[in-house]
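> my questions concern the predicted model and sequence given below.
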Amino acid sequence: GVMIALHACDTATDDAIWSGICSGASLLIVAPCCHKQVRPQLNSHYIAESQTHPLADVLKYGVYRERMSETITDSIRALLLEAAGYKVQVFEFIGGEHTSKNVMITAVKTRKNTNWRDDSNKEMMEPIIKRIQSLAELGGIKQQKLAEWMDIDLGGVSPTTAAKAKLRMPHQMPPIQR
């Protein structure tokens with residue numbers, strides 16, 4: 001199957017990706033929209049670390065913090081898709097003069113066994129998960145919806161959310177958060 005999500009707002013992109021992974025979609029095509037979940041975390045992290053953060057001179061400008069939150073969010077998504085057994089590409093699909101929301105993530109399933117929790121995948125998964133955690137740490141990201149669905153700890157996932165992801169049937173859409 002194929003899963004397509006165009007300009008799904010904020011974590012709706014993560015829900016769509018998770019749905020595609022769970023349904024075993026052979027191709028996922030996503031054009032993310034806003035990145036509201038990560039931005040406040042990056043802002044708080046920058047304020048707390050503004051004197052020592054390696055990117056302090058970049059992040060002191062709000063416009064760059066916004067762009068960085070988009071970059072970190074979509075990079076985490078791409079790495080999580082790799083962890084789930086997909087070959088991933090991230091690129092601009094339309095010129096910047098038309099819209100600033102012009103990033104597309106495509107993922108083609110490459111492994112039949114996409115259970116990242118399976119012990120046979122452990123050796124391959126550990127480096128990817130470390131890269132995800134390192135990227136999240138750089139931006140002060142403790143929570144990201146797709147990582148929560150996949151039960152990958154970024155340093156602040158609530159056990160309740162992770163437990164919900166484990167109990168959910170693979171073919172179900174993620175529950176609506178109220």
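Good, I have the coordinates. The model shown is predicted, which means the values in this text are computed figures rather than measured ones.

> just the pLDDT at the residue sitting nearest the centre point of the chain, thanks.
By C-alpha atoms, centre = their mean, the mean C-alpha position of the chain lies nearest to residue 77, the distance being 2.7 Å. Per-residue confidence (pLDDT) for residue 77: 94.

> over to residue 136?
92.

> what does the one 10 residues further on give?
At residue 146, the predicted lDDT confidence score is 93.

> I figured it hits residue 17, correct?
Yes. Contact criterion C-beta atoms under 8 Å: residue 146 and residue 17 qualify, at 5.6 Å. Where you see a C-beta, it was placed from the backbone N, CA and C, and this is true even at glycine.

> if you count surrounding residues, which of these two has more?
residue 17 (28 against 25; other C-beta atoms under 10 Å).

> just the element for the more buried one, please.
helix 12-22 (DSSP states H and E).

> residue 87 too?
Assigned by DSSP H and E, residue 87 belongs to strand 86-92.

> relative to helix 12-22, how tilted is that strand?
Strand 86-92 and helix 12-22 are oriented at 150 degrees to each other (axes from the mean of the first three to the mean of the last three C-alpha atoms, to 10 degrees).

> residues of strand 86-92 that come out buried?
For strand 86-92, burial by neighbour count (16 or more other C-beta atoms under 10 Å) applies to 86, 88, 90.

> who's in contact with the residue lying closest to residue 25 once chain neighbours are set aside?
Computed as C-beta to C-beta, 6 or more residues apart in numbering, the closest residue to residue 25 that is not its neighbour in sequence is residue 3, at 4.3 Å. With contacts defined as C-beta atoms under 8 Å, 6 or more residues apart in numbering, the neighbours of residue 3 are 16, 17, 19, 20, 23, 25, 27, 28, 29.

> quick check, residue 2 in contact with residue 29.
Yes. Judged on C-beta under 8 Å, residue 2 makes contact with residue 29 at a distance of 7.3 Å.

> which one of the two is surrounded by more residues?
A count of neighbours by other C-beta under 10 Å puts residue 29 above the other of residue 2 and residue 29, at 18 against 10.

> who are the packing partners of the one helix or strand residue 128 maps to?
Residue 128 belongs to helix 122-139 when elements are defined using DSSP H and E. Contacts defined by 3 or more C-beta pairs under 8 Å, 6 or more residues apart in numbering; DSSP states H and E place helix 122-139 against helix 39-49, helix 62-83.

> tell me the most buried of those helices?
Compared across those, helix 62-83 shows the largest average neighbour count, a mean of 20 (mean count of other C-beta atoms under 10 Å).

> contacts for it, please.
Around helix 62-83, the neighbours that count as contacts under C-beta under 8 Å, 6+ apart are 13-14, 17, 21, 28, 30, 32, 35, 37-39, 42-43, 46, 55, 58-59, 88, 90, 103, 105, 107, 116, 125, 128-129, 131-132, 135-136, 138-139, 141, 144, 146-147, 150, 152.
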